[in-house]
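**Student:** coords please:
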Amino acid sequence: MTPVGINLPNEQAIRERYGSKSVVLANVLDGYDNSEGRALLNEFAYDKGEKQLEEEYGSLGRRLHIAMHEVLGHASGKVSDKLTKDPADYLPGYYSTLEEARADLVSLWDFWDPKLIELGIIPNFDVAKAEYDVYVRNALLMQLRRIPKGDQIEEDHMKNRMMVARYILDNSDAIKVEKRDGRTYVKVVDYTKMHDMAGKLLAEVMRIKAEGDLEAAKKLIDTYGLKFDTALRDEVVGRVKNLDVVSYTAFVMPELVPVTDEDGTIMDVKVEYPLDLSKQMLSYSAFTKEEREAGSKAIANDR
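**Tutor:** Residues are numbered from 1 along each chain as shown. Okay, the predicted model is just below:
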């Protein structure tokens, strides 16, 4: 799958010593916006007001959410001095979900910071409202179309989103669920309360990672992020079946090919556009044994 954001490295010790680098692929986000259309929005949006917010501010909200998720979210927090190993070693089976939730919650919290308007990043807080709407709509409804079988979420990003939304839904009246004409809709009815609940959950998620609290991580994620209502999933799958949309999208990236002279000096670079996704993915993973060993050695030395 083509990522929209990349944040490296993941190892806590390397991050603490050297920092991290984050990249947001805006062209991929444009590709998603241009290829997906408005079919899912028209089907799952609660009302016309929600559609208008999405159409006016949804694209900006998505970019900002991903940027704050990658740059601020994954880079935030401090590990307790009591931990002698990477937090991931204390949270087997739960660390990745917890880390994605942590990054999402930092972003959801920071959406309402006045500094964003002061810096000219957003024009007003309607951008935050649009992102809160789509986050809840996707977490509780639309992402279920990607799990046609079973009653359990396996993928960490999906599990994280469900956990965050379900926690807020079950522990406050910030979100309401409504049934109309046999179709389920969700709506953020109090953005301030959702913001407050996101902050409360963020504090606990930060603590769990910092202290390596496996029992707390297990309780939180298993309670709110693991299982889902299969009847609701079947409803969502049925609604999406009649739409001209796909469950997943991937993009074939342009490739930069060097042009050399007889001595091997690079004289120019050509841009080629391959049309074979499988071939491109295999080429990305085609490291030699020596390259793999050198990478492993470098990581070990940094640790």
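
**Student:** got the domain boundaries for this structure?
**Tutor:** With domains defined by automatic domain parsing, the chain comprises 5-241, 255-302.

**Student:** Can you give the distance of the shortest one from its chain's centre?
**Tutor:** To tie it back to what came earlier, the one meant is domain 255-302. Counting by Cα atoms, centre = their mean, to the nearest Å, domain 255-302 is centred 27 Å from the centre of its parent chain.

**Student:** tell me the mean pLDDT over that domain?
**Tutor:** When pLDDT is averaged over domain 255-302, the result is 84.

**Student:** Quick check: pLDDT value at residue 207.
**Tutor:** You'll see residue 207 listed with a pLDDT of 97.

**Student:** My understanding was that it contacts residue 220; is that so?
**Tutor:** No: when contacts are counted by Cβ atoms under 8 Å, residue 207 is not listed as touching residue 220 (10.8 Å). In short, each C-beta sits where N, CA and C put it, glycine included.

**Student:** Those two: who's more crowded?
**Tutor:** residue 220 (21 against 13; other Cβ atoms under 10 Å).

**Student:** Quickly note the distance from the more buried one to residue 202.
**Tutor:** For residue 220, the distance to residue 202 equals 12 Å [Cβ to Cβ, to the nearest Å].

**Student:** The closest residue in space to residue 179 that isn't next to it in sequence: what secondary structure?
**Tutor:** Spatial nearest neighbour of residue 179, excluding adjacent residues (Cβ to Cβ, 6 or more residues apart in numbering): residue 185 at 7.7 Å. Of the three states, residue 185 takes strand under DSSP: H, G, I helix; E, B strand; the rest coil.

**Student:** From the rest of the structure, what touches stretch 64-77?
**Tutor:** Here stretch 64-77 makes contact (Cβ atoms under 8 Å, 6 or more residues apart in numbering) with 4-7, 15, 19-20, 22-24, 29, 99, 102-108, 110-111, 116, 121-122, 127, 131, 135, 206, 209-210.

**Student:** ah, wrong one, I meant stretch 145-161
**Tutor:** 96-98, 100-101, 104, 135, 138-139, 143, 162, 221, 225-228, 230, 233, 236-237, 240, 247-248.

**Student:** Go again with 7 Å.
**Tutor:** With contact meaning Cβ atoms under 7 Å, 6 or more residues apart in numbering, stretch 145-161 is reached by 96-97, 100-101, 104, 138-139, 143, 162, 221, 225-228, 230, 233, 236-237, 240, 247.

**Student:** Are any of the residues you listed buried, and if so which?
**Tutor:** 96-97, 100-101, 104, 138-139, 143, 162, 221, 225-226, 228, 233, 236-237, 240 (16 or more other Cβ atoms under 10 Å).

**Student:** Is residue 9 in contact with residue 15, as I believe?
**Tutor:** Yes: between residue 9 and residue 15 a contact is recorded at 6.2 Å, counting by Cβ atoms under 7 Å.

**Student:** What does residue 248 show for phi and psi?
**Tutor:** Residue 248 has phi and psi values of phi -140, psi 150 when expressed as degrees, to the nearest 10.

**Student:** what does residue 269 give?
**Tutor:** Backbone torsions for residue 269, taken as degrees, to the nearest 10, come to phi -130, psi 130.

**Student:** Go through the helix or strand hosting residue 54 and flag the buried ones.
**Tutor:** Using DSSP states H and E, the element containing residue 54 is helix 48-67. The neighbour-count check on helix 48-67 (16+ other Cβ under 10 Å) flags 50-51, 53-54, 57-67 as buried.
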